[in-house]
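*Asks:* sequence first, predicted coordinates after that:
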Amino acid sequence: MLFFYKETKARRLEADLSRPSDGPEAWKDLPEDQLFEPAGFSARQAESTGYSNYSYWGSTFRAFFKNRFAVVLLAALCAVVLFAFLQPLLPGQLDPNLCSVDPATGIQYRNLAPGENGFLWGTNSIGQDLWARIWAGTRTSLTIAFFVAMIEAAVGITAGVLWGYVRRLDFFFTELYNICDNIPSTILLILISYIARPSVPTLILGMSLTGWIGMARFIRNQVIMLRDRDYNLASRCIGTPTWRIIQRNLLPYLVSVVMLRMALTIPAAIGSEVFITYIGLGLSVELPSLGNLINDGRKVMMQAGLRYQLLYPTLILSFVTIAFYLIGNAFSDAADPKNHLE
C-alpha cells in the first residue's frame with residue numbers, strides 16, 4: 001500500500017510570519033510527524049500526472065469530419081433512414097398492404113409502370129403500391145439490423161473484455177466459443193425460423209444467438225495485446241480498480257474495432273434477412289421487408305417491363321449496406337487513438 005503525504009502544517013507555519021518570535025525558519029525545528037499528515041488514497045487521483053486538454057471523442061469527431069466523402073455519405077444515409085421512418089406520417093401515403101382498385105372497372109392496378117396513375121414506383125402483381133412497400137420494408141430490415149447489432153455489441157464487448165482480461169474465465173469462454181463456432185449460423189437461423197413463428201423477434205433471436213461470439217473473440221484478442229502493457233501494469237501496481245483499467249485504458253483502443261464490427265454486422269443482418277426470406281422461412285408477406293420485396297421481384301425479373309420491382313428494393317438495399325460499411329471504416333480509422341496525433 002502506498003501512502004501520500006501533504007505538507008499542510010509546514011506550509012501553514014511558513015505562511016504565518018506575523019509572529020516575530022518564530023521567524024521564517026521556525027517550522028524546521030518541529031518533529032517530522034508534525035510537519036506531514038496522511039493524504040489518503042484516491043483511485044481517481046492515482047493516475048493524475050498533469051493537465052491536458054486532450055479529448056478522445058473530440059479528437060475522434062475532428063478526424064472523422066476531415067473525411068468529406070464519409071461525411072456526405074453519412075448525411076445521405078441519415079436522410080434515407082430518417083425518411084424511411086417518417087414516410088408513413090407524410091400526407092397522401094398509401095397502406096403498403098392495400099390492393100388498389102380502378103374505381104371505373106373494379107380491376108386491381110396490377111403491375112403498373114412507375115409514374116402511371118400516380119404510383120411513383122409502380123405496383124406489384126396484386127396492385128400494392130411499391131413506394132409504400134419498399135419504405136415499409138426498409139423500416140423492417142433496418143429495425144432488425146439495428147437490434148441485432150446492438151445485442152451483438154453489448155454481449156460481445158462484455159464477454160470479450162472478460163474473456164481477455166480475467167484469466168480465470170479463459171477456459172469457460174474458449175470452450176463456449178468452440179461449441180458455438182462449430183454450429184453453422186445459417187443452419188441455426190433456418191432451424192429457429194422453422195420451429196418458431198416467423199416474426200421480427202424470431203429473426204433477431206436467430207441472428208443474435210451465436211452472432212456475438214465472433215465479436216467476443218475479436219475483442220478478446222485485442223484485450224490480450226493491451227492487457228500487459230506498461231501503463232496497465234503500472235495502474236494495477238498503484239491499486240487502480242479493474243473496472244477503471246478496462247474503462248480508461250482498454251476500451252478507448254477498442255472503439256475503432258467495435259465500430260468496424262458493428263458496421264459489418266448491420267449489412268450482414270440485412271443480408272441474412274434477405275436470404276432467410278428467399279428460401280421461404282422469413283417474414284410473412286403481410287409484413288413488408290427488403291427480403292420479401294427482392295424475393296417477389298426475383299420472380300418477375302425475366303419480364304423486361306417488370307424488372308423495376310426488383311430494381312428499386314435492390315438499390316435501397318445496396319446503398320444502405322455499402323454506406324454502413326464505408327462509414328464504419330471511416331469512423332473506425334477516426335476512433336483509433338494513434339490517428340489523433342496532430
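*Replies:* Sure, I can see it.
*Asks:* assign residue 103 to helix, strand or coil.
*Replies:* Per DSSP: H, G, I helix; E, B strand; the rest coil, the secondary structure class of residue 103 is coil.
*Asks:* how close does it sit to residue 109?
*Replies:* Separation of residue 103 from residue 109 (Cβ to Cβ, to the nearest Å): 11 Å. C-beta coordinates here come from the backbone N, C-alpha and C atoms, glycine included.
*Asks:* which one's more surrounded, these two?
*Replies:* Set side by side, residue 103 and residue 109 show more neighbours around residue 109, with 20 against 6, by other Cβ atoms under 10 Å.
*Asks:* quickly find the element holding the residue positioned nearest the centre of the chain.
*Replies:* Centroid-nearest residue in the chain: residue 262, 4.6 Å away (criterion: Cα atoms, centre = their mean). Using DSSP states H and E, the element containing residue 262 is helix 251-278.
*Asks:* one more: residue 79?
*Replies:* Going by DSSP H and E, residue 79 is part of helix 68-86.
*Asks:* what does residue 320 give?
*Replies:* Residue 320 belongs to helix 308-335, assigned by DSSP H and E.
*Asks:* flag every buried residue along the next helix or strand after the helix holding residue 79.
*Replies:* Using DSSP H and E, the helix or strand that follows helix 68-86 in sequence is helix 130-165. Buried residues in helix 130-165, counting neighbours by 16 or more other Cβ atoms under 10 Å, are found at 130-142, 144-149, 151-153, 155-157, 159-165.
*Asks:* just the pLDDT at the closest residue to residue 135 other than its chain neighbours, thanks.
*Replies:* Among residues not flanking residue 135 along the chain, residue 87 sits closest, at 4.4 Å (Cβ to Cβ, 6 or more residues apart in numbering). pLDDT, residue 87: 88.
*Asks:* quick one, what contacts residue 87?
*Replies:* Residue 87 is in contact with 93, 132, 135-136, counting by Cβ atoms under 8 Å, 6 or more residues apart in numbering.
*Asks:* quick one, the helix holding residue 320 and helix 130-165 angle?
*Replies:* 30 degrees (axes from the mean of the first three to the mean of the last three Cα atoms, to 10 degrees).
*Asks:* which elements pack onto helix 308-335?
*Replies:* Helices and strands touching helix 308-335, by 3 or more Cβ pairs under 8 Å, 6 or more residues apart in numbering; DSSP states H and E, are helix 56-65, helix 68-86, helix 130-165, helix 251-278, helix 290-299.
*Asks:* and the third one, how far from the chain's centre?
*Replies:* In terms of Cα atoms, centre = their mean, to the nearest Å, the centre of helix 130-165 is found 8 Å from the chain centre.
*Asks:* for the last one, same thing?
*Replies:* Once both centres are worked out by Cα atoms, centre = their mean, helix 290-299 turns out to sit 28 Å from its chain's centre.
*Asks:* quick one: average pLDDT of it?
*Replies:* 84.
*Asks:* need the contact partners of it.
*Replies:* Looking at what lies outside helix 290-299 - Cβ under 8 Å, 6+ apart - the contacts are 124-125, 130, 133-134, 137-138, 140-141, 270, 273-278, 282-283, 285, 307, 309-311, 313-314, 316-317.
*Asks:* ok, now with 6 Å
*Replies:* Outside of helix 290-299, the residues within contact range by Cβ atoms under 6 Å, 6 or more residues apart in numbering are 137, 141, 273-274, 277-278, 282, 309-310, 313, 317.
*Asks:* can you check the first one too?
*Replies:* If you take Cβ under 6 Å, 6+ apart as the criterion, helix 56-65 is touched by 71, 252, 331, 334-335, 339-340.
*Asks:* tell me the two of the residues you listed that are most distant?
*Replies:* Farthest pair in those (Cβ to Cβ) is 71 and 252. Separation: 22.6 Å.
*Asks:* before we move on, back to that, PyMOL command to pick out the buried ones of the contacts of helix 290-299?
*Replies:* Selection of buried members from the contacts of helix 290-299 for PyMOL, criterion 16+ other Cβ under 10 Å:
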select buried, resi 137+141+273+274+277+282+309+310+313+317
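*Asks:* between the contacts of helix 290-299, which is closest to residue 181?
*Replies:* Distance to residue 181 across the contacts of helix 290-299 (Cβ to Cβ) is lowest for residue 273, with 22.3 Å.
*Asks:* dump the residue contacts of the closest one.
*Replies:* Applying Cβ under 6 Å, 6+ apart to residue 273 gives the contacts 141, 144, 203, 291.
*Asks:* thanks again, I'm all set now.
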